[in-house]
Each structure stands twice: as structure tokens, then as C-alpha cells.
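Trainee: Sequence and predicted model, in that order:
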Amino acid sequence: MKYLLFLIVLLSSFSISRAEKPVLVASIFPLADIAREVAGNDLKVRLLLPPGADPHSWEPTPADLLTLQKARFLFAVGGGLEPWLEDLLSGLKAKNLKIILVLKRKSPPHKNHHHHEDPHVWLDFPVDARLCQLLARNLAEAFPEKASSFLKRGEEAAQKYEELHLLFARTLKSCRYQLVPLAGHDAFRAWEKNYGLRFISLAGLSPEAEPTPQSLHRVITLMRKFKIPAIFYDEPQALKFARLIARETGAQIYYLTPGASLTREEIQKGLRFRQLMLENLKRLSLGLRCSGLPGQI
């Protein structure tokens with residue numbers, strides 16, 4: 001972190017020329033995707049998190065700091081998800097940078113596993129809908145001559161997230177199983193709250209946490225007891241644990257992406273956040289034996 005602060009001070013001494021379009025920097029992919037929909041062609045949207053990076057542990061590079069120096073907006077989750085954010089904001093001397101945080105409350109460091117607020121807010125689709133409207137209002141206030149365009153796009157994007165929420169609710173209501181064994185971290189609390197699922201995760205809120213033999217035994221025991229036919233995993237490093245559980249239970253393995261960052265393959269395909277979530281829903285439908293698979297949104 002001392003190196004990060006040094007770079008911030010160093011870069012703040014340089015004069016930054018204005019970009020042709022105002023720059024909005026988003027910390028993670030879902031926020032960047034929302035920003036692109038709401039901003040349209042009126043702003044240049046830059047994503048900080050590189051392909052496959054973990055937002056819990058990634059730190060910005062000098063090039064990222066330079067981008068933030070000339071940005072007009074920073075759209076971030078907050079709440080402890082981005083560990084670099086507090087130091088960056090305290091040292092960054094960009095007077096024109098407006099910071100839009102999803103979570104205002106500061107949570108304890110993720111490695112302590114004592115979050116009072118779930119930082120994975122982008123997986124709560126009604127919250128995403130409100131974020132579309134929030135961002136639209138901020139952009140409309142900053143650029144009143146284009147306010148109607150921002151507000152219209154914000155409402156249209158919000159409606160798509162509401163439709164995604166309803167599709168999840170309708171599909172998952174029909175599932176034979178509501179218990180979701182997850183070889184991974186506790187990222188899907190919003191789906192428990194919104195859709196009645198119960199995730200049994202091997203790790204806590206941090207994907208860096210290693211599962212214990214006790215947590216593995218617990219998942220295997222519950223899957224055998226309730227005859228759950230699927231084991232899900234959410235990070236590449238969790239696949240080995242999913243395979244271990246599958247060998248012990250005979251379950252099929254399915255991937256669920258938290259969607260915070262894309263793989264290079266997903267970037268090449270030009271996937272949107274809602275498309276990633278629709279793929280998640282299809283895999284949940286198969287694994288939990290839902291009565292119907294969702295169509296395209």
C-alpha cells in the first residue's frame with residue numbers, strides 16, 4: 001500500500017490533458033456494464049479490473065492511477081470489496097473526480113470474514129436496477145444538456161434488470177431442490193434472499209479462503225442426505241474441490257460466475273453481465289432440476 005500511495009502522489013503532480021469525452025471509471029465489470037448502458041456514447045467508460053482478476057485482492061497499476069487522474073467519475077462498490085479504494089481516494093488529488101459508491105458503510109477487511117454487509121451487491125438485480133437510476137441521475141446532474149438521454153437510458157436499463165429478477169424468481173420457484181452446494185465462497189446471499197435458495201458454501205465471503213476438512217464433510221453429508229444431484233463452483237481454484245465432492249457423491253459439476261470480472265474468453269465473445277447471469281440461471285435450472293429452462297432476455 002505504501003507503494004500505491006507513492007504512485008498516487010507522484011502522478012498527481014502531472015498535468016493531465018482532457019479527454020475528448022468525459023471518462024467514467026468502473027471498478028468491476030457489472031458496474032462498467034451498467035455505465036455503458038446508461039452513458040451511451042456520451043462518456044468513455046473504462047474498467048479497472050483486468051480479465052480474471054479478483055476484486056478482493058487486486059491493486060491498481062500506475063496506468064490505472066493515471067486513468068483515474070483524468071476521469072470525471074469513479075463508480076465503485078465500496079464497503080470493503082476493493083481494498084485499494086480507501087488509500088487511493090485519500091491520496092488521489094483529482095478535484096473534478098466524482099465518486100459514486102454503492103455501499104457507503106465501511107466493512108472490516110475481507111480477510112477477517114466478519115462483513116456486516118454483503119459486498120456482492122451486483123448479484124442483487126433489483127439493486128442493479130436502482131444503480132442504473134442512480135448513475136443516470138448523477139450523469140444528468142453533471143451534464144444537464146443531456147439529462148433526458150441519461151435518464152431515459154437509465155430507466156430502460158433498470159427495466160431490463162427488473163425483468164432479469166422476475167425471470168430468476170419464476171424459474172427458481174419451480175426447482176425440485178432449493179439447496180445449492182457450492183465449492184467456493186459466499187457470494188450469492190442475494191439469491192437466497194430473493195429466490196428462496198439455500199447456498200452451502202465451502203468458504204466465507206473471500207474467494208481466497210481455503211475450505212476446511214469439516215466444511216467439505218458437511219457439504220458431502222448434506223448432499224448425500226438430501227440426494228442433491230449437483231455441485232457448483234464459482235472460481236477456477238474451487239474446481240478441484242468440486243471434483244472431489246463429485247467423486248464422493250456422484251453429482252454433476254456446474255459453474256456459477258459471480259460476474260465481477262470476465263475471463264479473456266468471455267471478453268472475446270463480447271458477453272454482457274446479464275448474459276452471464278442468464279447462463280448461471282440455466283446451470284442452476286439443470287442442477288436443481290427446475291421444470292423449465294429460461295429463454296433469452
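Mentor: Alright, I've got the coordinates. Numbering: from 1, shown residues only.

Trainee: Distance of residue 283 relative to residue 73?
Mentor: As judged by Cβ to Cβ, to the nearest Å, residue 283 and residue 73 stand 34 Å apart. Every residue, glycine included, has its C-beta placed from N, CA and C.

Trainee: who's more crowded, those two?
Mentor: Neighbours per residue, other Cβ atoms under 10 Å: of residue 283 and residue 73, the larger number sits with residue 73, 23 against 18.

Trainee: and the more buried one, what is it in contact with?
Mentor: By Cβ atoms under 8 Å, 6 or more residues apart in numbering, residue 73 lies in contact with 22-25, 43, 97-100, 138-139, 142.

Trainee: From residue 271, how far out is it?
Mentor: When distance is defined by Cβ to Cβ, residue 73 is 24 Å away from residue 271.

Trainee: circling back to that earlier point, just the buried ones among the contacts of residue 73, please.
Mentor: When the contacts of residue 73 are checked for burial by 16 or more other Cβ atoms under 10 Å, the buried set is 22-25, 43, 97, 100, 138-139, 142.

Trainee: Identify those among those that sit within helices.
Mentor: The helices, defined by DSSP state H, take in 138-139, 142 from these.

Trainee: can you put those residues in JSON lines and add distance to residue 192?
Mentor: What follows is those, written out as JSON lines (distance: Cβ to Cβ, whole Å):
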{"residue": "138", "distance to residue 192": "30"}
{"residue": "139", "distance to residue 192": "33"}
{"residue": "142", "distance to residue 192": "36"}
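
Trainee: For the chain, which residue occupies the most central location?
Mentor: residue 260 (3.4 Å; Cα atoms, centre = their mean).

Trainee: For residue 135, see how far away that one is.
Mentor: Note on residue 260: its distance to residue 135, by Cβ to Cβ, is 18 Å.

Trainee: swap in residue 292?
Mentor: Counting by Cβ to Cβ - residue 292 and residue 135 are separated by 33 Å.

Trainee: between those two, who's got more neighbours?
Mentor: Using other Cβ under 10 Å, the more surrounded residue of residue 292 and residue 135 is residue 135, with 26 against 9.

Trainee: got a list of what that one touches?
Mentor: Taking Cβ under 8 Å, 6+ apart, one finds 34-35, 38-39, 75, 100, 154 in contact with residue 135.

Trainee: between those, which has the most around it?
Mentor: Within those, neighbour counts (other Cβ under 10 Å) peak at residue 38, which reaches 32 neighbours.

Trainee: Do I have it right that that one meets residue 153?
Mentor: Yes - contact criterion Cβ atoms under 8 Å: residue 38 and residue 153 qualify, at 5.1 Å.

Trainee: And the protein, what are its domain boundaries?
Mentor: Following automatic domain parsing, one finds the domains of the chain at 2-168, 176-287.
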